[in-house]
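In: I would like to see how this sequence folds:
(one chain, ligands or ions: 3)
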Amino acid sequence: MSDAKRLSQYLAEHQRQGRVDADFVGLISDVAAGCKLIADQVGRGNLIGLLGSAETENVQGETQKKLDIISNDEFTDILTEGGHTAGLASEEMDEVYDLPAGKHRGPYLCTYDPLDGSSNIDVNVTVGTIFSVLKAPTGKENPTEEDFMQPGTEQVAAGYVTYGPSTILVLTIGDGVDGFTLDRSVGEFKLTHPNMTIPEDTAEFAINMSNQRFWDAPVKRYVDECLAGTEGERDKDFNMRWVASMVAEVHRILVRGGVFMYPIDSKHRERGGKLRLMYEANPMSMIVEQAGGLSITGPDRIMTIEPQKLHQRVPVILGSKNEVQRLWDYHKEG
Ligand SMILES: O=P(O)(O)OC[C@H]1O[C@](O)(COP(=O)(O)O)[C@@H](O)[C@@H]1O
Ligand SMILES: [Mg+2]
Ligand SMILES: [Mg+2]
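Out: Ligands and ions are numbered 1, 2, ... in the order given. Here you go, the predicted model:
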């Protein structure tokens, strides 16, 4: 696949066809450049003293890893320098990031989780970056939090990068999903996974089973039925995986199908859920739906949620269409 299409060629082609503009091409090129930097640092880890905790907390009260902070700073700097966005918002920053005065501004907003699955960094398991692109309001110098409060259906594009055995960028611009592997010998992302689609059926689910006693009835019912296998309702045996990196789980689902659940539970009910709507749930929902899957909170489709605040949390159930539909039905039945 050494002659595979480069991300730059892919973007240029889309621009020639009038499907994206120059700022969008610039923005995605910046995202790719930022992720290459993060991939390099995640790869070198403790050789350059980057593992471990930074002993600080983010706005959500979570202890930050050194790499959470470094990747956030690098990603933010690259997007700021690129000048293709009017505003940025990150899981690791308290508020909307105001671009410094005098910086060129573009017509997009970008939200991101610079390092997803960061509890896995120290144990050398796959982590990643997740991003979402929205339209910026026209003629407004510094967009505010309110301008970011757009439902997932308004996303122009979404993507993630996994830093695993390979560094893979997965992108949707609303017309299917394509995956690119970083060819380290030339420093370029190349199209290796065109038109990714999620099988409609699966016999594999992903959930943190240690939360079992906190779940609501519909999820309990679904997982109980999976565990009963050929001896129960479903009449087939299921396999289970839990990497604790959403990027890794979603990537697995895009490659071979499956269901990922971080549902509402009594531990997270007050906060609304565990995962973040603007940095994790919405971009992953767009990718999953563009690949033929479904993505719900339990009772509702995630991408129709009207966001109320930047760091809003939501329950997430996504993946193979027929399984997620079953979970949706169980939630409707109560
Ligand atoms: O440790 P838990 O409760 O299983 O949670 C794992 C989930 O939390 C996350 O790590 C949250 O993301 P961050 O690492 O960006 O905070 C997801 O990637 C993952 O699915
Ligand atoms: Mg995350
Ligand atoms: Mg994170």
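In: for ligand 3, give me its nearest residue in this structure.
Out: residue 113 (4.3 Å; CB to the ion). All C-beta atoms are positioned from the backbone trio N, CA, C, and that covers glycine.
In: what residues are up against the nearest residue to residue 221 once chain neighbours are set aside?
Out: In this structure, residue 221 finds its nearest non-sequential neighbour in residue 330, 5.7 Å apart by CB to CB, 6 or more residues apart in numbering. Applying CB atoms under 8 Å, 6 or more residues apart in numbering, we find residue 330 in contact with 218, 219, 221, 222.
In: check the last one and give its pLDDT.
Out: In this case it means residue 222. Note on residue 222: pLDDT of 98.
In: can you give me the neighbour number for it?
Out: By other CB atoms under 10 Å, 24 other residues sit near residue 222.
In: ditto for residue 68
Out: Number of residues near residue 68 (other CB under 10 Å) recorded here: 25.
In: and it, how far from residue 244?
Out: 15 Å (CB to CB, to the nearest Å).
In: then residue 58?
Out: Distance from residue 58 to residue 244, by CB to CB: 18 Å.
In: tell me which of these two has more neighbours.
Out: residue 58 (18 against 15).
In: now do the contacts for the residue of the chain found nearest ligand 2.
Out: Residue of the chain nearest ligand 2, by CB to the ion: residue 116 (3.4 Å). Residue 116 makes contact with 127, 128, 129, 130, 160, 245, 246, 247, 280, according to CB under 8 Å, 6+ apart.
In: try it again at 6 Å.
Out: Applying CB atoms under 6 Å, 6 or more residues apart in numbering to residue 116 gives the contacts 128, 130, 246, 247.
In: of those, grab the buried ones for ChimeraX.
Out: A single ChimeraX command selects the buried members of the contacts of residue 116 (16 or more other CB atoms under 10 Å):
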select :128,130,246,247
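In: mind putting the contacts of residue 116 into a markdown table with secondary structure and pLDDT?
Out: Converted to a markdown table, those look like this (DSSP: H, G, I helix; E, B strand; the rest coil; pLDDT from 0 to 100):
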| residue | secondary structure | pLDDT |
| --- | --- | --- |
| 128 | strand | 97 |
| 130 | strand | 98 |
| 246 | helix | 98 |
| 247 | helix | 98 |
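In: hmm, what's the outermost residue in the chain?
Out: Distance from the centre of the chain peaks at residue 231, with 35.6 Å (CA atoms, centre = their mean).
In: so which bits of the chain are right by ligand 3?
Out: 91, 113, 115, 116 (CB under 5 Å from the ion).
In: residues in contact with residue 205?
Out: 226, 240, 259.
In: how much space is there between residue 190 and residue 179?
Out: 10 Å.
In: then residue 206?
Out: With distances taken as CB to CB, residue 206 is found 19 Å from residue 179.
In: with residue 332 instead?
Out: 33 Å.
In: follow-up on the earlier one: of the contacts of residue 116, which are in range of ligand 1?
Out: residue 246 (CB under 6 Å from any ligand atom).
In: between the contacts of residue 116, which sits nearest residue 39?
Out: Each of those was scored against residue 39 by CB to CB, and residue 128 proved nearest at 9.7 Å.
In: spatially nearest residue to the closest one (excluding sequence neighbours)?
Out: Excluding its sequence neighbours, the residue lying closest to residue 128 (CB to CB, 6+ apart) is residue 247, at 3.0 Å.
In: same question, residue 129
Out: residue 161 (4.7 Å).
In: helix/strand/coil for that neighbour?
Out: strand (DSSP: H, G, I helix; E, B strand; the rest coil).
In: so what's it up against?
Out: 35, 128, 129, 169.
In: mind running it again at 8 Å?
Out: Applying CB under 8 Å, 6+ apart, the residues contacting residue 161 are 35, 38, 39, 128, 129, 167, 168, 169, 170, 247.
In: with adjacent residues omitted, what lies nearest to the first one?
Out: Think residue 35. Nearest one to residue 35, counting by CB to CB, 6+ apart, is residue 161 at 4.2 Å.
In: from residue 318, how far off is that neighbour?
Out: Taken as CB to CB, the span from residue 161 to residue 318 is 18 Å.
In: ok, residue 301 next?
Out: 10 Å.
In: residue 252 too?
Out: For residue 252 relative to residue 318 (CB to CB), the value is 12 Å.
In: so which of the two has more stuff around it?
Out: Set residue 252 next to residue 318 and count neighbours by other CB under 10 Å: residue 318 wins out with 29 against 19.
In: what is the neighbour count of the closest residue to that one other than its chain neighbours?
Out: Once flanking residues are discounted, residue 318 sits nearest to residue 295: 3.9 Å by CB to CB, 6+ apart. The number of residues packed near residue 295 is 23, by other CB under 10 Å.
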